[in-house]
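A.B. asks: With the input below, show me the fold.
(one chain, ligands or ions: 1)
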Amino acid sequence: MAGRLEGKVVIITGAARGQGLAEVQRFRAEGAHVVAGDVLDHDGMYLDVTSEESWAAIVSAAVDAHGRIDVLVNNAGVRALAPVQDMPRAEFQRVLDINLIGPLLGIQAVVPHMPRGSSIVNVSSLNGLASTANSAAYSTSKFGLRGLTKSAALDLGPLGIRVNAILPGVIRTPMIENVLEGREEQLASGLPLGRIGEPADIASAALFLASDDSVWVSGQDFVIDGGQTASTPRL
Ligand SMILES: NC(=O)c1ccc[n+]([C@@H]2O[C@H](COP(=O)([O-])OP(=O)(O)OC[C@H]3O[C@@H](n4cnc5c(N)ncnc54)[C@H](O)[C@@H]3O)[C@@H](O)[C@H]2O)c1
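C.D. replies: Numbering: from 1, shown residues only. Sure thing, here's the model as predicted:
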């Protein structure tokens, strides 16, 4: 049986580990040609999402090999923690550059090579819906990415390109290893579905948005959080 991404050409950023790696594996299993990019050493290409030159190189590699790009997953991201009053400007800027400007540069680099029917998936966060303490830079970047998603969906709709955002909840990846240490049970018990998320849970959502199954979906936020945001404080 043909995979749900049979023959599609896909670029995934932040693909060395965590959710990005799970997406690479799932998308390949569904028949996609995946070009994986990361700043870390990995089984893919070097890509620094903050660099136009780096984007040009990965886009050239994909287009030289396959002639077009059907899907971009803007997954790369970093977190930096500090109270807003102490957040150094350079650190705030670094997080915005990677989490928000990176996806913008990615969109600008791939769109000229995208045929009608293509899809862009931006990985935001529950921190793009509401914040947590010490997360000014991260939260600002993830709120911004939702705005970029909606705006890009409007501009690219006439070109036949869909743009959506995924907002993951608590997902077991290296990014939050230290958060989970000793607290996993407590965090899991607070979620309606009783467990924290796995990278594969996000890869499934990304697959839906990347594939033709979501052919009439654009500009939307997909919250994948085990039910975390279904609740309001009990009175
Ligand atoms: N883990 C969670 O609980 C969680 C929750 C909500 C959202 N997210 C978001 O999910 C996405 C994936 O994160 P993850 O949880 O897999 O974390 P992770 O830290 O395991 O993976 C992030 C990857 O991005 C790469 N990266 C960082 N800077 C880069 C750059 N300049 N260019 C290219 N790659 C770069 C890293 O090297 C790393 O491989 C991120 O955007 C993150 O903000 C994660």
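
A.B. asks: just the helices in this protein please.
C.D. replies: In the chain, the helices defined using DSSP state H lie at 18-29, 52-66, 89-96, 102-110, 136-156, 177-180, 184-189, 199-210.

A.B. asks: right, and those - which one's nearest residue 39?
C.D. replies: helix 52-66 (8.8 Å; C-beta to C-beta). C-beta coordinates here come from the backbone N, C-alpha and C atoms, glycine included.

A.B. asks: other SSEs contacting that closest one?
C.D. replies: If you count contacts as 3 or more C-beta pairs under 8 Å, 6 or more residues apart in numbering; DSSP states H and E, helix 52-66 packs onto strand 9-13, strand 33-38, strand 45-46, helix 102-110.

A.B. asks: can you list these in CSV and add distance to residue 23, mean neighbour count and mean pLDDT?
C.D. replies: Formatted as CSV, these follow (distance: least, C-beta to C-beta, whole Å; neighbours: other C-beta atoms under 10 Å; pLDDT from 0 to 100):
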stretch, distance to residue 23, mean neighbour count, mean pLDDT
strand 9-13, 5, 28, 99
strand 33-38, 8, 23, 98
strand 45-46, 15, 15, 98
helix 102-110, 14, 22, 99
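
A.B. asks: Tell me which of the ones you listed approaches residue 68 most closely.
C.D. replies: Between the helices and strands packed on helix 52-66, strand 9-13 lies closest to residue 68; by C-beta to C-beta that is 5.8 Å.

A.B. asks: what helices or strands is the closest one leaning on?
C.D. replies: helix 18-29, strand 33-38, helix 52-66, strand 71-74, helix 102-110.

A.B. asks: The helices of the chain: which one's closest to residue 79?
C.D. replies: helix 136-156 (5.0 Å).

A.B. asks: Count residues in the vicinity of residue 154, would you?
C.D. replies: Here the count is done by other C-beta atoms under 10 Å, and residue 154 has 11 residues near it.

A.B. asks: Can we start the residue count at 49 from this point?
C.D. replies: Okay, using 49 as the starting number, the last item reads as residue 202.

A.B. asks: who are the neighbours in contact with it?
C.D. replies: residue 267 (C-beta atoms under 8 Å, 6 or more residues apart in numbering).
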